[in-house]
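Undergrad: Requesting a structural model of the entry that follows:
(one chain, ligands or ions: 1)
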Amino acid sequence: MKLFELAELRPRESLRFPLGQLEGFAVRDASGSVHAYLNICPHRAQPVDIGDGRLWLDSGEIECQAHGARFDPATGACTGGPCFGRGLTRLGIEEREGAAWLLEPLQYR
Ligand code: FES
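TA: Numbers count the residues shown, from 1 in each chain. You can find the predicted model right below:
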């Protein structure tokens, strides 16, 4: 399942995409690597990325806009705030033909 064109995702930006009845989001970290997650915060299950362009912090972390839980964009690990050690749900993707593809069956890493 093709998720998005890689050219649409620039460093320190994010991109949301449909995932069946759920939603995912992807980030490209400062090193250029792409990482994808379910767009569900482990704190209170609200979207982490609401598409307002304020996901990234100057520290290099990403922050849920609901209550400020912070995550490592490269791993999804909780780095502070009310995620209480619970990280994001990572999606298995591969990059080929200029696009990001979901590894099927849906794999959470
Ligand atoms: S739902 Fe994300 S910090 Fe509360």
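
Undergrad: Tell me, how many residues neighbour Gly92?
TA: A total of 14 residues lie near Gly92 under the criterion other Cβ atoms under 10 Å. Where C-beta positions appear, they are placed from N, C-alpha and C, glycine not excepted.

Undergrad: I'd say it and Leu102 touch.
TA: Yes. The pair Gly92 / Leu102 is scored as a contact, 7.1 Å apart, by Cβ atoms under 8 Å.

Undergrad: for the ligand, what are the nearby residues on the protein?
TA: Remark: the part of the chain in contact with the ligand comprises Cys41, His43, Arg44, Gln46, Cys64, Ala66, His67, Gly68, Ala69, Pro82, using Cβ under 6 Å from any ligand atom.

Undergrad: Just the buried subset of those residues, written out for PyMOL, thanks.
TA: In PyMOL syntax, the buried subset of the residues of the chain next to the ligand is picked out as below (16 or more other Cβ atoms under 10 Å):
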select buried, resi 41+43+64+69+82
